[in-house]
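Engineer: Just need the structure, nothing else, for what follows:
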Amino acid sequence: MKHKIMTICFCAVLIANSALAATYYVPEEYATIQSAIDTCQDFDTVIIAPATYRGPGNRNINFKGKAITVRSTDPTDPQIVNSTVIDCNGNGRGFAFNTEENADSKVIGLTITNGYGVLGGAIYSNNNSSPSITNCVVKNNLAVFGGGIACTNGSSYPVITNCNITANRALVGGGGIYLNGSNPTIKNCIISGNAAPDGGAIYSHYPGNPTIVNCTISGNVASKSAGAVYCYNSSNLSISHSILWGDTAPYASEIKVGNQGDPTSIQISYCDIQGGEQNVILADGCTVNWGQGNIDLDPCFVNPSYWNPNGTTIYAKDDFWVDGNYHLLDESPCIDAGDPEFVAGPSETDIDGNPRILGEKIDIGADELVPSIPAIVKIMPKTLNLQSNGNWISCTIELPGDYNIADVNSASIALSKEISPNEKIGPARSSSEGANTLLVKFDRSEIQNMLNDAESPVSLTVAGKLNDGSDFAGTDTIRIVRGDSKK
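Structural biologist: So this is what the prediction gives:
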């Protein structure tokens, strides 16, 4: 009974604290982020308006052990996140957690750039601190260890979720993230374009149990070894449902498991790793537990980022990394390729905030593919003579009743991802067509050239986007004839 009473009292205190929590605004009420934090008590919130914040009080920010939230005005809006910027101007890092902060110490929806530190160019967590970093962009920071983020200390359990960690550099190890005897969970993150001598994306060493889940790790580079992940000296790392693809290094382009007297192991399951198990390079005494569901297939990114060929060096503060798009195409082998036993929680999302498991199974990587809105596509004529003359191929696009054809972004429409319609786009006027139908006309000669070597019948897909960014797609089948002969 005594324990029950204590539990009830503890819950009552939490509820009371939440009810009394205050909100402080930067810069409306406080000129700097640190001054607002200094005013806070546990469970308070600091909301930062979109702007670029520089100078004392806006770098080397410290929570001082408080269980508070520091966030942008809307952490779910990428435009707000990208325009709420902590610019350290090369003089210190963004945040330092060193006073035993816990999971209720939260940084949400901010961009941290141009930071510098020996450990962690943007964020440093140590001394038994376990903050929550969510929906943040960590970009173009520099450190000796951990260009973007560094986590040290065996009692440190930070959670890094839905973050984009890109174009950071480390002079020794961990271009994106450096882990030293810590136990972070890194989930739903894109880690790309980071650089270091060892561990272009992540460097983890000394006893710890880091966990990487549903991350996309691509385009990172190491000048020595482990373009993606360097797991070293008894750092027992677990990776699942993640993509490691297109990373480079002279030795071990994706993963290296090293050893300096203490055995090191790595567990990998339901991952897409370029080169497969053969690209997990093991030192003597090290092991890899190559679990179920791993593949070695091109993940089919929409438009992966790339190194700027005009950049002088990856260690210079140039625009050496050109951002791309790491969403998955419809044909990606990572779609529905995850653990069939995985059950997503009600609040489980991908990096975009979309629910996990939108298909039959969870997808591999940071992105959960959102199925296209099914459109009814009708292409006319149903039989196309490749030798005939004519100006147009007509097509009607009908959306389900829950969608309005007026919301279609006409500039996004394409046939077979190649051919855009001409300017003749408008509502279908035929009485046989529904009110929610769009008429589109494509240049006939472009389609005939595309189908010149095709076998009849051929399926043609017309796809596009609504103004809110939702995809739609539909397919129709037509016959092809060449002159008087039919195929």
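Engineer: what kind of secondary structure is residue 406 in?
Structural biologist: What DSSP: H, G, I helix; E, B strand; the rest coil gives for residue 406 is helix.
Engineer: Show me the protein divided up by domain.
Structural biologist: Recorded structural domains for the chain (assignment: automatic domain parsing) are 18-328, 373-486.
Engineer: Kindly list the longest strand within this structure.
Structural biologist: Using DSSP state E to define each element, the chain has its longest strand at strand 471-482.
Engineer: Show me which residues of that strand are buried.
Structural biologist: Residues 471-474, 476, 478, 480 are the ones in strand 471-482 that count as buried (16 or more other CB atoms under 10 Å). Where C-beta positions appear, they are placed from N, C-alpha and C, glycine not excepted.
Engineer: How about stretch 366-382?
Structural biologist: Neighbour counts over stretch 366-382 (16+ other CB under 10 Å) mark 366-370, 372-373, 375, 377-379 as buried.
Engineer: what's the closest of these to residue 121?
Structural biologist: For the buried residues of stretch 366-382, the minimum distance to residue 121 (CB to CB) is 21.4 Å, reached by residue 366.
Engineer: would you say the closest one is within a strand?
Structural biologist: No. Residue 366: not assigned to a strand; according to three-state DSSP it is coil.
Engineer: which residues touch it?
Structural biologist: Neighbouring residues of residue 366 by CB atoms under 8 Å, 6 or more residues apart in numbering: 188-190, 214-216, 243, 326, 350-351.
Engineer: mind redoing it with 10 Å?
Structural biologist: 162-164, 187-191, 213-217, 241-243, 326-328, 350-352 (CB atoms under 10 Å, 6 or more residues apart in numbering).
Engineer: From the residues you listed, keep the buried residues only.
Structural biologist: Buried subset of the contacts of residue 366 (neighbour count, 16+ other CB under 10 Å): 162-164, 187-191, 213-217, 241-243, 326-328, 350-351.
Engineer: Can you tell me which of these end up in strands?
Structural biologist: Among these, the residues falling in strands (DSSP E) are 164, 187, 190-191, 213, 216-217, 243, 326-328.
Engineer: Between which two of those residues is the distance greatest?
Structural biologist: The span of those, defined through CB to CB, is set by 213 and 327 at 18.2 Å.
Engineer: returning to that earlier point: closest to residue 146 out of the ones in strands among the buried ones among the contacts of residue 366?
Structural biologist: For these, the nearest to residue 146 is residue 191 (12.1 Å; CB to CB).
Engineer: right, and the closest one touches residue 214 too?
Structural biologist: No. Using CB atoms under 10 Å, residue 191 is not in contact with residue 214; the gap is 11.8 Å.
Engineer: Kindly reformat the ones in strands among the buried ones among the contacts of residue 366 as a markdown table containing distance to residue 360 and pLDDT.
Structural biologist: Below are those laid out as a markdown table (distance: CB to CB, whole Å; pLDDT from 0 to 100):
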| residue | distance to residue 360 | pLDDT |
| --- | --- | --- |
| 164 | 27 | 97 |
| 187 | 21 | 97 |
| 190 | 24 | 98 |
| 191 | 27 | 98 |
| 213 | 19 | 97 |
| 216 | 21 | 98 |
| 217 | 25 | 98 |
| 243 | 19 | 98 |
| 326 | 22 | 95 |
| 327 | 19 | 93 |
| 328 | 15 | 94 |
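Engineer: Go through the residues you listed and say which is closest to residue 157.
Structural biologist: Distances from residue 157 to these, taken by CB to CB, are shortest for residue 187, at 12.9 Å.
Engineer: List the contacts of that closest one.
Structural biologist: Taking CB under 10 Å, 6+ apart, one finds 134, 159-163, 211-215, 241-242, 348, 350-351, 366 in contact with residue 187.
Engineer: which residues of the chain score low on pLDDT?
Structural biologist: Residue ranges of the chain with pLDDT under 70: 1-19, 261, 310-319, 423-424, 426-435, 483-487.
Engineer: just the helices in it please.
Structural biologist: Secondary structure of the chain by DSSP state H: the helices cover 2-20, 33-39, 78-82, 444-450.
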